[in-house]
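# Output the structure for:
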Amino acid sequence: MAHRLFFIISFIGVPLSVLGSIMHWNEIILFVIYCVTIVALAGIMGRATESLAIVAGPRIGGLLNATFGNAVELIIAIFALREGLVEVVLASLTGSVIGNLLLVGGLSFFVGGLKYKRQSFNVYDARHNSGLLIFAVVLAFVIPAIFADRMNKADTMTLSVGVSIILMVLYLAALYFKLVTHRGVYVTKGQEEIEEHETAEWGKWKAIFILAIATVAVGYVSENLVHTFSTVGEKFGWTELFIGIIVVAIVGNAAEHASAIVMAYKNRVGVAVEIAVGSSLQIAMFVAPVLVILSLFMDHRMPLIFSIPELVSMVTSVFLTIAIMNDGDTNWFEGLTLLGAYVIMGIGFYLL
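Residues are numbered from 1 along each chain as shown. The predicted model follows:
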């Protein structure tokens, strides 16, 4: 039902987006149309990627999920970067990390916990992801911010590029570790059964065609969405920081959020955790470094330097998530704790 709704919204939303941009409609109305359309297109992209992952096999499938899992945020961020909205891009990266960990994780645990007293997932995966989260967010994001105080702009950019390359190399190594050298080593029997019985909804070529069309459409709508940020910010009193952390992050991740919650409700909380934590790792270790490298070829360069509120929010989100998930067991109260932390941060960023 939800998938059909995504197609209907996309078929209506994309033509409206084109018509609205040509005829210069009210930018607030256009902002709403663009956001809703991107959410629907992201849902279709997720569906196509899932089918391709099953058809191509687990190893290539994992790589496809890694590539397209955060494609929408990456596309929006590239256009924002081209417009010189570096603060919005950094804020959207922050929003994606805390949104995936606290909002997606929290809602998944809360909704699943209302139906089941206890939900368990692979504790080895949780511990592996915990180490990567600490490396990516606590180490690789905090070090440049501290060192930048004693560096000029050129040196800060050099440090950012160096850290970005290391993050991408380690991310690719982590994929190789999980999908090749240690595939199945830490998998429980329940997970193996689920993998064996998965069937692709669409054929390979159909999925590739739909994915290509949806990606092009997202690119077009995202470019127009970026142009509405200043008007929307002035109208509602939102700062670039708030737009990036809350609005862009939620729009870019909406379809993924829904998938995680549905999985938790079906008692497949391990998949929900993989979506929430895996997506945060993709943002921190792949999307952010790619944007830093791409900015070298643009008019506005983006060093990997986050503000103190952004850093504190990400670091505390990581440690709270690790504290809750490291036992491989969860319930509705732990979900509510994560949601409470997200609301506190949301209020803080709104008032900044």
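# OK, contacts around residue 295?
81, 86, 301-302 (CB atoms under 8 Å, 6 or more residues apart in numbering). Bear in mind the C-beta positions are built from the backbone N, C-alpha and C, glycine included.
# Show the low-confidence segments of the stretch 251-352 of the chain, by residue range.
255-256 (pLDDT under 70).
# would you list every one of the strands in the stretch 1-150 of the chain?
119-120 (DSSP state E, counting those that start in this stretch).
# mind listing the helices for it?
Listed in chain order, the helices of the stretch 1-150 of the chain (DSSP state H, counting those that start in this stretch) span 2-23, 27-56, 58-68, 71-82, 86-98, 105-115, 123-133, 142-147.
# ok, now which ones touch residue 5?
residue 40.
# returning to that earlier point: weakest of the helices of the stretch 1-150 of the chain in terms of mean pLDDT?
Sorting the helices of the stretch 1-150 of the chain by mean pLDDT places helix 58-68 lowest, at a mean of 61.
# can you map out the strands along the stretch 251-352 of the chain?
Under DSSP E, counting those that start in this stretch, the stretch 251-352 of the chain gives strands at 329-330.
# Can you show me the helices along it?
Assigned by DSSP H, counting those that start in this stretch, the helices in the stretch 251-352 of the chain fall at 269-282, 288-295, 308-325, 332-351.
# Deepest-packed of these, please.
With neighbours defined as mean count of other CB atoms under 10 Å, these peak in mean count at helix 269-282, which reaches a mean of 24.
# how much does that one deviate in direction from helix 308-325?
150 degrees (axes from the mean of the first three to the mean of the last three CA atoms, to 10 degrees).
# For helix 269-282, name the packing helices and strands.
helix 86-98, helix 105-115, helix 123-133, helix 153-176, helix 249-265, helix 308-325 (3 or more CB pairs under 8 Å, 6 or more residues apart in numbering; DSSP states H and E).
# if we go to 6 Å?
Packing partners of helix 269-282 (3 or more CB pairs under 6 Å, 6 or more residues apart in numbering; DSSP states H and E): helix 105-115, helix 249-265.
# Any idea which of those helices gets closest to residue 96?
Nearest to residue 96 among the helices and strands packed on helix 269-282 is helix 249-265; the distance by CB to CB comes to 4.8 Å.
# could you check the angle helix 2-23 makes with the closest one?
Going by the same axes, to 10 degrees, helix 249-265 makes 170 degrees with helix 2-23.
# Save the helices of the stretch 251-352 of the chain as CSV, and put in distance to residue 180 too.
Rendered in CSV, the data for these read as follows (distance: least, CB to CB, whole Å):
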stretch, distance to residue 180
helix 269-282, 17
helix 288-295, 22
helix 308-325, 25
helix 332-351, 32
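# Of all those, which one is nearest residue 224?
Closest among the helices of the stretch 251-352 of the chain, using CB to CB: helix 288-295, at 19.8 Å.
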